[in-house]
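A.B. asks: turn this into a structure:
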Amino acid sequence: MFAVPSLKALVSDNQFEVLAIVTQPDKRSGRGQNETSSPIKQIGLENNIPVFTPSNVKNDPEFLNQLKDLNPDVIVVVAYGKILPQLVLDIPKFGIVNVHASLLPKYRGASPITAAILNGDKTTGVTLMKMDLAMDTGPIIATSEEVAIEPEDTTLSLSDKLADVGADLLIEYLPKYLTQEITPLRQNDLEATYVKTIQKADGRINWQEDAETLARKIRGYHPWPGSFTNFNEKVIKILQVEVLPENPAAPGVVWITSDKYPAVATSKGSLKIVRLQLPGKGTVAGNDLLLGHSTFIGTILS
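C.D. replies: Below you'll find the predicted structure:
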């Protein structure tokens, strides 16, 4: 979870006093639909820090009054996932500071890590910014060094790396901002790019696309929404692939490689399926799948 390293860093650093934690409400999960607390809430409980879980910040006067009563110098927001109204932005003396997982003004919006992978970027980074009412348009306090995006990185693995970078950036530059050693710099809006919110439907594989594009999507959409396709009227998840230059069949047709892995033809090149998951089953290597599903070869995925 992207916010965990930043919160742990603030809690453990004697420069700061964490007055309260605000996070999403508990969610029901699993077969029993039991309520589960987020890792953020658990950190609060373990450290005897008050935790607030409002479902609607704007329309919860009790929560807003509690926030005002805390009289914070600054509020730090990391991957909260909700737009904050002006009346919240105005509460802390030094405003609200956000840890954003891109080098702004590039990739404003909710999914900057996924966007960097989808676009084939070689590097990315983290920005510390002062929030305003618009989406990631506030002035920049500090930016990290560039972080390499490795060929095997998924949104999950890259998020883990950037979370640690963000925590270090926060601890180094937040004190300098609060003592006014740093004056936040306005972003160049002419250089801004925006990213969309990822939807479940984005994970459906379109085999008419080229192999390189699909490989980036499979990495970019892991762990959510995942990448999936239909096989014998069942949805299977494609977890790991390799790009092959060969294209011996029509897009969507499964063929077998020389090392006995299934591969799927695309509009340009093919994807060797290294790991996948059948409905209700655990993950399996592509070559192991063929031991029990030899008819997979020659089928058309959709």
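A.B. asks: for the nearest residue to Ile198 once chain neighbours are set aside, the count of nearby residues, please.
C.D. replies: Excluding its sequence neighbours, the residue lying closest to Ile198 (C-beta to C-beta, 6 or more residues apart in numbering) is Ser111, at 5.0 Å. C-beta: built from backbone N, CA, C; applies to glycine. As a burial measure, Ser111 scores 19 neighbours (other C-beta atoms under 10 Å).
A.B. asks: how about the one 5 residues further on?
C.D. replies: Using other C-beta under 10 Å, Ala116 is surrounded by 28 other residues.
A.B. asks: surely it and Thr124 touch.
C.D. replies: Yes - with contact defined as C-beta atoms under 8 Å, Ala116 reaches Thr124; the gap is 4.4 Å.
A.B. asks: overlap of the contact sets of the two?
C.D. replies: 102, 107, 149, 158 (C-beta atoms under 8 Å, 6 or more residues apart in numbering).
A.B. asks: I figured the third one hits Lys122, correct?
C.D. replies: It stands for Ile149. Yes - if you go by C-beta under 8 Å, Ile149 and Lys122 touch, sitting 5.9 Å apart.
A.B. asks: let me have the shared contacts of Ala116 and Thr124 in TSV, adding pLDDT as columns.
C.D. replies: Output for the shared contacts of Ala116 and Thr124, formatted as TSV (pLDDT from 0 to 100):
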residue	pLDDT
Ser102	98
Tyr107	98
Ile149	98
Leu158	98
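A.B. asks: take those and keep only those in helices.
C.D. replies: Mapping the shared contacts of Ala116 and Thr124 onto helices (DSSP state H) picks out Leu158.
A.B. asks: among the shared contacts of Ala116 and Thr124, name the ones in strands.
C.D. replies: Per DSSP state E, strands hold no members of these.
A.B. asks: filter the shared contacts of Ala116 and Thr124 to the buried ones?
C.D. replies: Buried by 16 or more other C-beta atoms under 10 Å: 102, 107, 149, 158, out of those.
A.B. asks: one step back: if we only consider the shared contacts of Ala116 and Thr124, which is nearest to Leu178?
C.D. replies: Ser102 (23.7 Å; C-beta to C-beta).
A.B. asks: which residues of the stretch 1-150 of the chain fall in strands?
C.D. replies: Ranges of strands within the stretch 1-150 of the chain are 21-22, 27-29, 34-36, 51-52, 75-78, 96-100, 108-109, 123-124, 127-130, 140-143, 147-148, based on DSSP state E, counting those that start in this stretch.
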